[in-house]
Every structure is written in C-alpha cells, then in structure tokens.
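Asks: Kindly generate the corresponding structure for this input.
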Amino acid sequence: MLQKFRWRIAIPYVLLILVTMTGLGLYLGYSIRQSELEDLEAQLRVEAWLLSQLVGPEIARPPEPGSLDRQVEVWADTLGSRVTLIALDGSVLADSEEDAQGMDNHLDRPEVRQAIEQGEGKSVRFSQTQGNTRIYYAVPVKQGDQILGIVRLSLPLKEVQQELTVLGRTIFFATLVAAGLAVLIAAIIAEFITRPLRNLTQAIHRASLEEPGEIMVPDSPDEVGQLARSFNALKNQLQIRSTEVETERNKLAAVLDQMADGVIIVDSRGRVMLINPAAEEIFTVSEQDAYNRSVVQVLRQHQIIDLWRECVASGISQVVYVELITKRLFLQGFATPLENALAGSILLVFQDVTQLRLLETVRRDFISNISHELRTPLASLKALSETLLDSALDDPQAARRFLTRMETEVDALSLMVQELVELSRIESGKVPLHLVAIHPGDLLQPPVERLRLQAERAGLQLEVDCPADLPFVLADPPRMEQVIVNLLHNAIKFTPPGGKVILTARQEGDTINFSVEDNGEGISLEDLPRIFERFYKADRARSGGGTGLGLAIARHLVEAHAGRIWAESVQGQGSTFTFSLPLAN
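Replies: Residues are numbered from 1 along each chain as shown. Presented below is the predicted three-dimensional model:
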C-alpha cells in the first residue's frame, strides 16, 4: 500500500514536469516559428514592394528575349530570394530558379489571387516545383492604376525547420533531465512522507492483532503525529468498549446457557440467529445445525411456525401451547417482536410446563378421586341414618345391624383420613427415618409371616427367594415393612386362587432390588404409568375397595430411603412391583 502511495506522490511530479516541458516546447516552437515567419514576411514584403517599382518599366515595354530571366536572376542573387514575375493572366514571365516556359499557370496560387484582389498576398505552403515548404509574398506591379503583373518573392523554411528541430532536441533532453530530477525529488519527498505513515501502519497492524500497548509512532506536530495520537485515543476507547461488550456478552451467554427455558432469535429473513442449550435439547438440534437456517427447517412444528408468522404479521406478542408427542413434553411458547433492539427479528421463548401440566392433572384427578372415595361412604351413612330415623330405631336388631354398617363406613373414612395424614407427613419430610443396617431377609420375613394366613385363605402359594449372602441395606424396618405389606397385600388381593406370589431380593450394583411378583390379572398399559399416584385406581382395583393411597405412600417411603420403585406388568399375565434400597456402608 505504501509503495503505491509513494508512486502516487512521485508520478504526479513526473507527469507535471513532462506536461510542463512538452507544453513549453510546443509553445516555444510555435512562438519561434511565428516570429521567424513574421520576420521573413516583413522582409519579403519590403523587398517585394521595392522590386515591384523596379520591374514595372521592364514589364511595360516589350522585353527582349531572355532579358527578364537575366534580370530576375540578378535580383534573386541580390535579395537572396526566389523571384517570380507573373502576368495578369497567371502565366509565368520569368523565374529565378525554374524555366518559365515549363511552369504551370499561377493564377490559382493563393498569394497571387490575394495580390490581385487585395493589393498584396502571402501564403506558407509546400512547393511542388521545389519540393519543400516555402513562404510566398506577392504584390501587384502597377502603372498608374493599371495592374501590369505580379511580382512574387519566396524563401524556403528549411532554416526555420532546422532551428525548430534543434529547439525540439534541446527541449526533449531538458525534459528528460527535468523528469529524472523530478523522480529523484519525488522519491525523497515520498520517503519523507511515507516513513512515518509506514511506522504508523505497522503499529496499527500490531494493534489489530490485539497486541498490548499504545501505537508507538515518533511524536511530531504534523498531521501524521496528530493521526497517531488520534489512533491511540481511538484504540483506548475501542478497548474499553470491547471489554464492556465482552462482559455484557458473557453475562448474556451465561444467562442463556443456564436458562431452563428455550430461547431462539429469528431474523427478518426467517433464519435462526441464536439458540440456547435449553432450546437445543427441547428440539433435538445443535447450534451448528440451526444457525442461519430457516426456522421452519429447525423447529418442524406447525404450531410454532404459525406462532412466529402471526407475530411477524401482527407485530405484537403471541402465546401458544404446544405438545411434543415424541418427547412427551408440553411447552408454552411466546413470540415477541424485537423492534427496538433488532428490527424485524422475533424472540421465541419456550417454557417446559410438562411438570405443571402433570401436577394439574394430578390435582384434578386427586379432587375427582377423593370425591369419588368420599361419596360412597357418605352416601351409605346418609342412607343408613335416614333408615334409622324412619323406622329402624323401633327394631333393636335392625338398628344394631345398621349401626354396625355405619361403624364400618366410619372406620373406612377414618382409615382414609389417617392415610392422607400419613402421606402428607411423608411428602413434607416430617416423618423421621431411623435408618439401620439390616439384612434383606430380615425385611422380607415379618410381612410374609403377617400375611401368610391371608394368602393361604385365598388359595395362594407364597414364596420367598432371598440369598443369605446378600449385603446389608440401610433402611427403617417398620417403614419398609409398611411398603412390603402394601405390595404383598395388593398381590394377594388381585391374584386368583391357585396362583403364586414370590418375594425376591437381588443385588444390582450398589443397591438391593426387592420384588413382589404375582401371576394375577396384571395391569393395563394405560393404567401402569399412573398407579403410584394418590387415589388412582385401575378399574379392577376400584371393585376391590381400598383408598388408593397405599402405592403412593410406598413410593414416597422408598424415595425417602434414596431408592426408587417401579412396576412391570402384562395384562392377564401378572405384575411385578420392584423397589431398590442402597447398600449400607
């Protein structure tokens, strides 16, 4: 760049010299030529008028043969010019250098016609007879007012041409010398100017590579020094602004990276400009694949695309609820125009409300289930009390029977309230656990002994498979007995006579898995994911009574032990309920 800049300084100098010298040469050549022509013209004019006075008598009387030719030659030698006498009809009477008899008619010559018409004539032209460029001057030869002929003098311009040639050579060589001096001077001036600029350029290049420090250029009061100081101030300001922008960008990146909500910014062309990790996870797309691609290609959800289009069309915020069936997610999407910050861009925010929707479903089902559970005993109590009031009080035996049934319903309500209180305490963490190291067999044996008689009455075979060499687990025995009793009671309750219930304990890594397996009716696929919810009952369970809280209590107790519980079932082939407990250290 600086080399080009140097030539930009040098070339104008050289061109200026060349143009000046060329113009000067042309001007001098033209001026000298005109001056020479004017001098020759003045000389020929005087000589022509003098000669016209002398030649008048010679033309007026009949000339002797050859006398005019000799006289013209004498005049030509005396004047040093070519002398030509021309008759009024244009024929040549005599010429000092050519044979007059062989010469053309000269009436059409410009100087001759001007002399006849205007009193004198002149011209500069190429002579066909002489083969060179000459200056001609012609005046009329008069006797009184009568024109007898024309006398014409001419000189070749050879000497003028030679002088102009010498002048041209002189100017040419002077131009070369001046151009060389101009190049030298221009190079010195360019070096003087470009050296600080070159240093400044190198310093700015170092600054562009983010090297620390100021732009070190020799301080000078000229424009380059001022430019360097301005660049130093600009660099400092840019560093401050860059640091501020970087800080803000890091803050924004940290917020976006840690946000649980998915954030996508779409530009005015409908292409993704930004996507945070939460949005990448929600829509199963990477930032690299999403960036600068169409939002339609990235999201592939017609409801979200419609949300974006409506926001673009209306210019106001839009809200939509979207269910991603493949990922079992329920999203609340917001579309907001970013007119102030990014004109034409749209901010898309997606909140995962799956848990809220699930909680809402659980709450709705809880209200529905508890209403159902309370409706039956309350309706029974109301019917029994009304019957007693109407007529049964007079019949002691019937009254006792009704009161016994009422007591049963009240006990069922009391059990429900007790289990609700128990579940509430477990969920709130107010139930203290007394964890001890215990062998898995010691956890299985008490519930089995407690429910063995009930299994035998139901015609079921009850088996326990627990290896003696299993490591100890960390558990609260009474609470775990409550869990196992609940699972074992359900297995006995929903297994037909002749079936089998098996309790097993197996080590899986750093946990012991306890299983209660039966070959009863099983659970449908629709009911299986929700059997651990409060008050939730499959249709087969509702006919068997119970509060529907046992499995919910079991789940919370197992989770309080840092374990987990799950169920596997095939309808018509039985069920397996399994929970895990951590090993004792």
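
Asks: Buried residues, stretch 496-504. List them.
Replies: 499-504 (16 or more other C-beta atoms under 10 Å). From N, CA and C alone the C-beta is placed, and that goes for glycine too.

Asks: Out of the residues you listed, flag the one nearest to Val436.
Replies: Looking at these and their distance to Val436, the nearest is Leu503, at 20.6 Å (C-beta to C-beta).

Asks: Assign a three-state SS to Ala343, would you?
Replies: When the structure is split into helix, strand and coil by DSSP: H, G, I helix; E, B strand; the rest coil, Ala343 lands in coil.

Asks: what residue ranges in the stretch 451-585 of the chain score low on pLDDT?
Replies: Residues of the stretch 451-585 of the chain meeting the criterion pLDDT under 70: 534-548.

Asks: show me where it has helices.
Replies: 477-493, 539-542, 550-560 (DSSP state H, counting those that start in this stretch).

Asks: between those helices, which gets nearest to Arg375?
Replies: For these, proximity to Arg375 was assessed by C-beta to C-beta; helix 539-542 is nearest, at 12.4 Å.

Asks: Narrow the buried residues of stretch 496-504 to those in strands?
Replies: Cross-referencing these against strands under DSSP state E gives 500-504.

Asks: remind me which residues of the stretch 201-350 of the chain are low pLDDT?
Replies: The model of the stretch 201-350 of the chain has pLDDT under 70 over residues 203-204, 207-224, 341.

Asks: how does the chain divide into domains?
Replies: Taking automatic domain parsing as the domain assignment, the record places the domains of the chain at 2-163, 259-352, 357-427, 436-582.

Asks: which one of the ones you listed lies closest to Ala187?
Replies: Ala187 sits nearest to domain 2-163 of all those, at 5.9 Å, using C-beta to C-beta.

Asks: Give the rounded mean pLDDT of that closest one.
Replies: When the per-residue pLDDT values of domain 2-163 are averaged, the result is 79.

Asks: any idea which helix or strand carries Val319?
Replies: Following DSSP states H and E, one finds Val319 within strand 318-324.

Asks: Tell me how far that strand lies from the chain's centre.
Replies: Taking C-alpha atoms, centre = their mean, to the nearest Å, one finds the center of strand 318-324 at 28 Å from the center of the full chain.

Asks: got the contact list for the closest residue to Asp476 other than its chain neighbours?
Replies: If you skip the residues right next to it in sequence, Asp476 has Leu433 as its closest partner in space, 4.4 Å away by C-beta to C-beta, 6 or more residues apart in numbering. Residues counted as contacts of Leu433 (C-beta atoms under 8 Å, 6 or more residues apart in numbering) are 476, 479, 560-561.

Asks: From those, list the buried ones, please.
Replies: By the neighbour-count criterion of 16+ other C-beta under 10 Å, the contacts of Leu433 include these buried positions: 476, 479, 560-561.

Asks: What residues are bridge-paired with the nearest residue in space to Asp465 that is not next to it in sequence?
Replies: Excluding the flanking residues, the one nearest Asp465 by C-beta to C-beta, 6+ apart is Thr504, at 4.3 Å. The residues paired with Thr504 through beta bridges, assigned by DSSP bridges, are Asp465, Ser515.

Asks: In contact with Thr504: list those residues for me.
Replies: Listed by C-beta under 8 Å, 6+ apart, the contact partners of Thr504 are 464-466, 514-515, 517.

Asks: Relative to Pro196, how far out is it?
Replies: Using C-beta to C-beta, to the nearest Å, we find Thr504 at a distance of 90 Å from Pro196.

Asks: And for Gly121?
Replies: Gly121 is 68 Å from Pro196, where distance means C-beta to C-beta.

Asks: can you check Pro582 too?
Replies: For Pro582, the distance to Pro196 - C-beta to C-beta - is 77 Å.

Asks: try Asn292
Replies: In this view, Asn292 and Pro196 are 44 Å apart by C-beta to C-beta.

Asks: if you count what's nearby, which of the two comes out ahead?
Replies: Set side by side, Asn292 and Pro196 give different neighbour counts by other C-beta atoms under 10 Å, the larger being at Pro196 (18 against 9).

Asks: wait, Trp435 sits on Pro477?
Replies: Quick fix: residue 435 is Leu, not Trp. No. Contact between Leu435 and Pro477 fails when scored by C-beta atoms under 8 Å: they sit 9.5 Å apart.

Asks: Which one's more surrounded, the two?
Replies: When neighbours are counted by other C-beta under 10 Å, Leu435 comes out ahead of the other of Leu435 and Pro477, with 17 against 14.

Asks: and the more buried one, what does it touch?
Replies: When contacts are counted by C-beta under 8 Å, 6+ apart, Leu435 is found next to 474-476, 561.

Asks: Just flag the most distant two among these.
Replies: Pairwise distances among the contacts of Leu435 were taken by C-beta to C-beta; the largest, 9.0 Å, belongs to Leu474 and Asp476.

Asks: where exactly do the helices run in the stretch 101-250 of the chain?
Replies: Listed in chain order, the helices found in the stretch 101-250 of the chain under DSSP H, counting those that start in this stretch are 110-118, 158-208, 223-258.

Asks: For the strand holding Val319, give me every contacting residue.
Replies: The set of residues external to strand 318-324 that reach it, using C-beta under 8 Å, 6+ apart, is 282, 301, 303-304, 306-307, 310-311, 329-335, 350, 353.

Asks: Out of those, which end up buried?
Replies: When burial is judged by neighbour count using 16+ other C-beta under 10 Å, the buried members of the contacts of strand 318-324 are 282, 301, 304, 307, 311, 329-335, 350, 353.

Asks: okay if I get the helices of the stretch 451-585 of the chain as TSV plus distance to Phe532?
Replies: TSV is the format used below for the helices of the stretch 451-585 of the chain (distance: least, C-beta to C-beta, whole Å):
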stretch	distance to Phe532
helix 477-493	11
helix 539-542	13
helix 550-560	4
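
Asks: on that earlier part again, turn the contacts of Leu435 into a markdown table, including distance to Gly574.
Replies: Below are these laid out as a markdown table (distance: C-beta to C-beta, whole Å):
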| residue | distance to Gly574 |
| --- | --- |
| Leu474 | 30 |
| Ala475 | 26 |
| Asp476 | 29 |
| His561 | 26 |
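
Asks: Specify which member of the residues you listed is nearest to Glu339.
Replies: Of all the contacts of Leu435, His561 has the smallest distance to Glu339: 54.9 Å, by C-beta to C-beta.

Asks: Next one: the closest one from Ile264, what distance?
Replies: Look at His561 and Ile264: by C-beta to C-beta, they are 42 Å apart.

Asks: With Leu88 instead?
Replies: Distance of Leu88 to Ile264, computed by C-beta to C-beta: 109 Å.

Asks: These two: which is more packed in?
Replies: Set Leu88 next to Ile264 and count neighbours by other C-beta under 10 Å: Ile264 wins out with 28 against 16.

Asks: beta partners of the more buried one?
Replies: Per DSSP bridges, residues listed as beta-bridge partners of Ile264: Ile275, Leu348.

Asks: Please report how far it lies from Arg8.
Replies: When C-beta to C-beta is the yardstick, Ile264 and Arg8 sit 51 Å from each other.

Asks: any idea how far Ser202 is from Glu386?
Replies: Careful, residue 202 is Gln; it's not Ser. Distance from Gln202 to Glu386, counting by C-beta to C-beta: 106 Å.

Asks: And the two? Which one has more around it.
Replies: Gln202 (14 against 10).

Asks: how much space between that one and Leu234?
Replies: In this view, Gln202 and Leu234 are 17 Å apart by C-beta to C-beta.

Asks: and what of Thr404?
Replies: Taking C-beta to C-beta as the measure, Thr404 falls 97 Å from Leu234.

Asks: For those two, work out which one has more neighbours and name it.
Replies: Legend: neighbour count by other C-beta under 10 Å for Thr404 and Leu234, higher for Leu234 (13 against 10).

Asks: quick one on the thing from earlier: what's the most buried one of the helices of the stretch 101-250 of the chain?
Replies: Per-stretch averages of neighbours, counted by mean count of other C-beta atoms under 10 Å, single out helix 110-118 among these, with a mean of 18.
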